[in-house]
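[1] kindly generate the corresponding structure for this input.
(2 chains)
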Number of protein chains: 2
Amino acid sequence: MDVEEAGGRVMDVEEGAGGAEVVQLLNLWASPFAMSCAIALNIKGVAFTYVDEDIPYQKSPLLLQSNPVYKEVPVLIHNDKPVSQSLVILEYIEEAWPPSWDAAGGAQRAALLPGKARLNALARFWAQYGNCKFIETGLKLMKKVGEEHEAARRDIVEQFFWFEKGLAETAAESAGGGNAGPFFFGNDCPCLPDIVMASLVSWKETYESLGAFTFPGPEQCPRMHRWLSAMAQLPAVTPAVPDKARLLTHCTLFREAVIQAAAAAKS
Amino acid sequence: MDVEEAGGRVMDVEEGAGGAEVVQLLNLWASPFAMSCAIALNIKGVAFTYVDEDIPYQKSPLLLQSNPVYKEVPVLIHNDKPVSQSLVILEYIEEAWPPSWDAAGGAQRAALLPGKARLNALARFWAQYGNCKFIETGLKLMKKVGEEHEAARRDIVEQFFWFEKGLAETAAESAGGGNAGPFFFGNDCPCLPDIVMASLVSWKETYESLGAFTFPGPEQCPRMHRWLSAMAQLPAVTPAVPDKARLLTHCTLFREAVIQAAAAAKS
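    Sure thing, here's the model as predicted:
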């Protein structure tokens, strides 16, 4: 990276007027993908402003201009330059505001990746699984009907079990299994896959309601429940995830409209 | 990274017996995803052996054990440790065998990423678009029927146009637009999005045949056609992509079986 890490000053991005950074996050308040970007910025201590979009009803000119390929949130706009796709944004946040340490070796700015090739690969693997499988399956519980909805109900429980294994296996691979923290790699601080999955803090009950199922309990998935408790208490997470009741109401109304539209299309 | 770049020696992975690295790629000869990993290893100058899988007919115990979550190729096994998902594998290859330069500043081992946060984000964005959109759409031309097949025919042409824009825009952002090479960022050497899309060298005519369409020609997409010509001549690419006629025959037979199965399911 063309960055000067020692002083914690980012060198490879242009700065706004007067040297101040301008960071905006094009956002939809219920989007799990946007939440992960906000949480990563919070973890890094980067000040940013939300620009709330009204998807799917009306997409702003700023959204269409800054993400012409997908026309979707989230988009991170850093000093007028947009980056889109949440996994790409998370990697960008890690590189534009790289980890730094104080003189005593404490983290001044946290790392989103473990830092070794093998462990980074595991972090990216589970982050991608969360992003492209778990969250996508969860959204099908809201948006799909019939066989696709049935499949999503089964898949998301199986995926929850895979995350239980992922937590165990990454902890075992990291530091010879000596780490006992609640997050991936047995860490006490969240990294990439934790951040991608953090929306579960607010979405868990909504997924269960939309799919009329219950996730495996603490006796079957103790690591995932410990993970959820720890995640829900993080200062970087709480301001970035919506109120559970508001989310449930919103998604229930959305699903009712989906079911009505499907019934109307059939008749 | 916990790597010692100066000597070009990788420090953060365990080595095989006698200090020799053992690198295997679980492969399916026609897989665009596996091709990208082989090309990246070739670019890095990493010696590896193919382990050919017989998907979808029979998955080997090694595949099921090394990629239990997806049970799919490609899997890169580096000194007995598996990494799966092609975008994750490509990032791993970049980190496990990092770029290095000789005393004169020439590349001893090439970089797969541009190296600056902003440009890395663009590289990852287009690599992801190639992986998750273009190639997935291309495979639908083989595997889907009816409306999904129709949509894929339209989508892949639109996506080809997006890559034309991506080549232009990344060249304009890199080095103030002064780069005039054929690849992304106006480079003379391929990086992440080039590598992801390299399978098009062998798949282009097959996609066109499976979808009964023609990609836009050089007058509409001059950059993409220059890109294709340059890519087809790269020493890292030619041994990694299959013979066009063999691929076309294989995929045509596969598609005939898909159409027969769909017709049988209807009747």
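
[2] now the end-to-end length of stretch A:231-241.
    Counting by CA to CA, to the nearest Å, you get 11 Å between the two ends of stretch A:231-241.

[3] tell me the buried residues in that stretch?
    A:231, A:234, A:236-237, A:240-241 (16 or more other CB atoms under 10 Å in any protein chain shown). C-betas here are computed from N, CA, C, even on glycine.

[4] if you look at the residues you listed, which of them are in helices?
    Those of the buried residues of stretch A:231-241 mapping onto helices are A:Met231, per DSSP state H.

[5] what are the phi and psi angles of A:Trp101?
    phi -130, psi 150 (degrees, to the nearest 10).

[6] which one of the buried residues of stretch A:231-241 is nearest B:Phe184?
    A:Ala240 (32.9 Å; CB to CB).

[7] now the closest one. Nearest residue, chain neighbours left out?
    The spatially closest residue to A:Ala240, leaving aside those adjacent along the chain, is A:Ala38, at 4.0 Å (CB to CB, 6 or more residues apart in numbering or on different chains).

[8] per-residue confidence for the one you found?
    According to the prediction, A:Ala38 has pLDDT 98.

[9] where's it, which helix or strand?
    helix A:32-44 (DSSP states H and E).

[10] and that helix, what does it pack onto?
    strand A:23-27, helix A:86-96, helix A:135-143, helix A:192-197 (3 or more CB pairs under 8 Å, 6 or more residues apart in numbering or on different chains; DSSP states H and E).

[11] can you redo the buried residues of stretch A:231-241 as CSV with pLDDT and distance to B:Val145?
    Converted to CSV, these look like this (pLDDT from 0 to 100; distance: CB to CB, whole Å):
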residue, pLDDT, distance to B:Val145
A:Met231, 98, 43
A:Leu234, 97, 47
A:Ala236, 98, 47
A:Val237, 98, 44
A:Ala240, 97, 43
A:Val241, 97, 41
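
[12] what sits against the closest residue to chain B within the stretch 151-267 of chain A?
    Per CB to the nearest CB, A:Trp162 is where the stretch 151-267 of chain A lies closest to chain B, at 5.8 Å. Applying CB atoms under 8 Å, 6 or more residues apart in numbering or on different chains to A:Trp162 gives the contacts A:129, B:69.

[13] okay, the angle between the helix or strand where it lies and helix A:135-143?
    Under the criterion of DSSP H and E, A:Trp162 resides in helix A:146-173. Helix A:146-173 and helix A:135-143 are oriented at 150 degrees to each other (axes from the mean of the first three to the mean of the last three CA atoms, to 10 degrees).

[14] quick one: contacts of the lowest-mean-pLDDT helix or strand in chain A?
    Of all the helices and strands that make up chain A, strand A:107-109 has the lowest average by mean pLDDT, DSSP states H and E, namely a mean of 88. The contact list for strand A:107-109, computed with CB under 8 Å, 6+ apart, reads A:8, A:44-45, A:97-102, A:189.

[15] which among those end up buried?
    Listed as buried from the contacts of strand A:107-109 are A:8, A:44, A:97-100; burial here means 16+ other CB under 10 Å.

[16] ok, back up a step: of the helices and strands packed on helix A:32-44, which is nearest B:Val145?
    Using CB to CB, the nearest of those to B:Val145 is helix A:135-143, at 22.0 Å.

[17] hmm, the closest one touching chain B?
    No: figure legend: helix A:135-143 not in contact with chain B (CB under 8 Å from any CB of the partner chain); closest approach 11.1 Å.

[18] give me the contact list for that helix.
    Taking CB under 8 Å, 6+ apart as the rule, helix A:135-143 contacts A:32-33, A:148-149, A:151-153, A:155-156, A:159, A:196, A:199, A:203, A:207, A:210-211, A:251, A:254-255, A:258.

[19] returning to that earlier point: partner strands of the least confident helix or strand of chain A, with direction?
    The strands beside strand A:107-109 in its sheet (DSSP bridges) come out as strand A:100-101 (antiparallel).

[20] which helix or strand contains A:Thr214?
    Here A:Thr214 is assigned to no helix or strand, by DSSP H and E.

[21] run through the residues that contact it.
    Per CB under 8 Å, 6+ apart, neighbours of A:Thr214: A:Glu208.

[22] in the helix holding A:Trp162, what's buried?
    By neighbour count with 16+ other CB under 10 Å, helix A:146-173 contains the buried residues A:149, A:152-153, A:155-157, A:159-160, A:162-164, A:166-167, A:170-171, A:173.

[23] what parts of the stretch 151-267 of chain A come near chain B?
    A:Trp162.

[24] and what about A:Arg255, helix, strand or coil?
    Three-state assignment for A:Arg255 (DSSP: H, G, I helix; E, B strand; the rest coil): helix.

[25] nearest spatial neighbour of it, skipping sequence neighbours?
    A:Arg255's closest residue in space is A:Met142 (CB to CB, 6+ apart), at 5.2 Å.

[26] how about A:Ala117?
    In this structure, A:Ala117 finds its nearest non-sequential neighbour in B:Glu95, 3.8 Å apart by CB to CB, 6+ apart.

[27] now do the one you found: how many residues are near it, please.
    Residues lying near B:Glu95 (other CB atoms under 10 Å in any protein chain shown) number 23.

[28] tell me how far whatever residue of the stretch 101-250 of chain A ends up closest to chain B lies from A:Pro193.
    In the stretch 101-250 of chain A, the residue that lies nearest chain B is A:Ala117 (3.8 Å; CB to the nearest CB). Using CB to CB, to the nearest Å, A:Ala117 is found at 16 Å from A:Pro193.

[29] how far away is A:Val157 from A:Lys133?
    For A:Val157, the distance to A:Lys133 equals 13 Å [CB to CB].
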